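> Just a sequence and a predicted model for now, questions to come.
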Amino acid sequence: MTDKGLFITFEGPEGAGKTTVIKELYDRLKSDGRKVILTREPGGVPIAEKIRHIILDNTHQEMDAKTEALLYAAARRQHLVEIVIPALNEDTIVLCDRFIDSSLAYQGYARGLGIEEVLSINQFAIGDTMPDLTLFFDIKPEDGLARISNNSGREQNRLDNESINFHKKVYEGYQLLIERFPNRIHTTDASQSKDIVKENVWEIMSKFI
Ligand SMILES: Nc1ncnc2c1ncn2[C@@H]1O[C@H](COP(=O)(O)OP(=O)(O)OP(=O)(O)O)[C@@H](O)[C@H]1O
Ligand SMILES: Cc1cn([C@H]2C[C@H](O)[C@@H](COP(=O)(O)O)O2)c(=O)[nH]c1=O
């Protein structure tokens, strides 16, 4: 929880529509005169973007699950200290495409490392900087994957190319997190049209802003 600014994260399976909707919400907040930044994980700053490239490279099939979890946590740390914390200290709204819940669902649950174990390495990385609000974009993994495979401009990365069973486990992992953090994580039906999803998310966010 932050004392200043507002830290809002966006989560969900592949192709849920997070990136599309966040961009529009960012534009809307900006035109309302709000101090707001839009960033993403893994990435957002040069060191973390390099780590992103290492993690998501399709040729890195030999990557160990714990190495993967640690790399995500390292990228998160760097992004947090360079971008997120300074912005929050300047009373800025931070919109972040994925954060700790991705690690808990993907590495903790779907990879089988354990949600508690992955939470623990992430607590080391982030200290007490947890999101004030998290929007979960709810879509069946098959439907999200179909969206990204239809998007010819997008290259499929190493995580996208995991099996459908892996993606189903990611979804189950998120369900456990929603039960565990009911005050922080709010769900929106991401199978609807872009405009409806955007309006629903805006309505939820407006209560916090
Ligand atoms: N509500 C929607 N209905 C139909 N298509 C959508 C919707 N939202 C986004 N899309 C399309 O689905 C694809 C994936 O969207 P987007 O990149 O925003 O998803 P994402 O959640 O950021 O995915 P990932 O986490 O895998 O990067 C894009 O081609 C986008 O135009
Ligand atoms: C932060 C984070 C991300 N992931 C996964 C989720 C996606 O498959 C990729 C990121 O790609 P996107 O197009 O930017 O969504 O990485 C993860 O497994 N663990 C994490 O902590």
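Cool, the structure landed. Ligands and ions are numbered 1, 2, ... in the order given.

> can you pull the buried residues of the host helix or strand of T19?
Remark: T19 resides in helix 18-31, with elements defined by DSSP states H and E. Within helix 18-31, the residues scored as buried using 16 or more other C-beta atoms under 10 Å are K18, V21, I22, L25, Y26, L29. Every residue, glycine included, has its C-beta placed from N, CA and C.

> so W202 touches R28, yeah?
Yes - applying C-beta atoms under 8 Å as the test, W202 and R28 come out as touching, 7.0 Å apart.

> per-residue confidence averaged over stretch 44-59?
Mean pLDDT, stretch 44-59: 98.

> Show me the contact partners of that stretch.
41-43, 60, 63, 68, 71-72, 74-76, 78-79, 82-83, 96, 156-159, 161 (C-beta atoms under 8 Å, 6 or more residues apart in numbering).

> again, 10 Å this time
37-43, 60, 63, 67-68, 70-84, 96-97, 155-161 (C-beta atoms under 10 Å, 6 or more residues apart in numbering).

> Which elements pack onto the helix holding T19?
strand 6-11, strand 36-40, strand 93-97, strand 133-138, helix 194-206 (3 or more C-beta pairs under 10 Å, 6 or more residues apart in numbering; DSSP states H and E).

> Now distance to Y171 and mean neighbour count too, for these, in a markdown table please.
Output for the helices and strands packed on helix 18-31, formatted as a markdown table (distance: least, C-beta to C-beta, whole Å; neighbours: other C-beta atoms under 10 Å):
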| stretch | distance to Y171 | mean neighbour count |
| --- | --- | --- |
| strand 6-11 | 11 | 24 |
| strand 36-40 | 20 | 20 |
| strand 93-97 | 18 | 24 |
| strand 133-138 | 9 | 22 |
| helix 194-206 | 17 | 15 |
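
> Now tabulate these in JSON lines and tack on mean pLDDT and distance to I185.
Listed next are those as JSON lines, based on pLDDT from 0 to 100; distance: least, C-beta to C-beta, whole Å:
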{"stretch": "strand 6-11", "mean pLDDT": "98", "distance to I185": "8"}
{"stretch": "strand 36-40", "mean pLDDT": "98", "distance to I185": "18"}
{"stretch": "strand 93-97", "mean pLDDT": "98", "distance to I185": "14"}
{"stretch": "strand 133-138", "mean pLDDT": "98", "distance to I185": "5"}
{"stretch": "helix 194-206", "mean pLDDT": "97", "distance to I185": "11"}
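
> where in the protein is pLDDT low?
Applying pLDDT under 70 to the chain flags the ranges 1-3, 152.

> got the residues of this protein near ligand 2?
E14, R40, E41, P42, Y72, R98, S102, S103, Y106, Q107, L159, D160 (C-beta under 6 Å from any ligand atom).
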